[in-house]
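Asker: Prediction below, plus the sequence it came from.
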Amino acid sequence: MLIEEYGRGYAMIRKAIEGLAEEGLRFKPAQDKWSIHHILIHVTDVEVLSTSAEKSLGGAEATSAFVLNG
């Protein structure tokens, strides 16, 4: 089910970056490309904003799949 896959997203991201050094996380393959670090910040920001929007629209049960200090 899609919602279950969404819920596994955090664990999938953690596993994908496990063992990467800071240099690898911040590496940009080109000037106009994002680093892994930038992508992670974007994913987290979108998650927080969408969860907040859902709650404000009446979805009191909304919870974030991502935890910043997991």
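Answerer: Cool, the structure landed. Numbers count the residues shown, from 1 in each chain.
Asker: which SS class is the residue in the chain sticking out farthest from the centre?
Answerer: Distance from the centre of the chain peaks at residue 58, with 23.1 Å (CA atoms, centre = their mean). The three-state label given to residue 58 by DSSP: H, G, I helix; E, B strand; the rest coil is coil.
Asker: Return the distance of residue 30 relative to residue 37.
Answerer: 15 Å (CB to CB, to the nearest Å). C-beta coordinates here come from the backbone N, C-alpha and C atoms, glycine included.
Asker: So if I had to pick from these two, which one is more boxed in?
Answerer: residue 37 (16 against 6; other CB atoms under 10 Å).
Asker: for the more buried one, what are its contacts?
Answerer: 25, 26 (CB atoms under 8 Å, 6 or more residues apart in numbering).
Asker: try residue 42
Answerer: Neighbouring residues of residue 42 by CB under 8 Å, 6+ apart: residue 34.
Asker: tell me which element it falls in.
Answerer: helix 36-56 (DSSP states H and E).
Asker: same check, this time on residue 12
Answerer: Using DSSP H and E, residue 12 falls in helix 9-17.
Asker: could I get that helix in CSV with only the CA atoms?
Answerer: Extracted in CSV, the C-alpha atoms of helix 9-17 (Å, rounded to 0.1, in the frame of the first residue of the first chain):
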residue,chain,number,x,y,z
GLY,A,9,10.8,6.5,3.4
TYR,A,10,12.8,7.7,6.4
ALA,A,11,14.4,4.3,7.0
MET,A,12,15.1,4.0,3.2
ILE,A,13,16.8,7.4,3.2
ARG,A,14,18.9,6.6,6.3
LYS,A,15,20.0,3.3,4.8
ALA,A,16,20.9,5.0,1.5
ILE,A,17,23.2,7.5,3.1
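Asker: Mind listing what's buried along that helix?
Answerer: For helix 9-17, burial by neighbour count (16 or more other CB atoms under 10 Å) applies to 10, 13.
Asker: For the helix or strand following that helix, which helices and strands make contact with it?
Answerer: The helix or strand immediately downstream of helix 9-17 is helix 22-26, counting by DSSP H and E. Counting contacts by 3 or more CB pairs under 8 Å, 6 or more residues apart in numbering; DSSP states H and E, helix 22-26 packs against helix 36-56.
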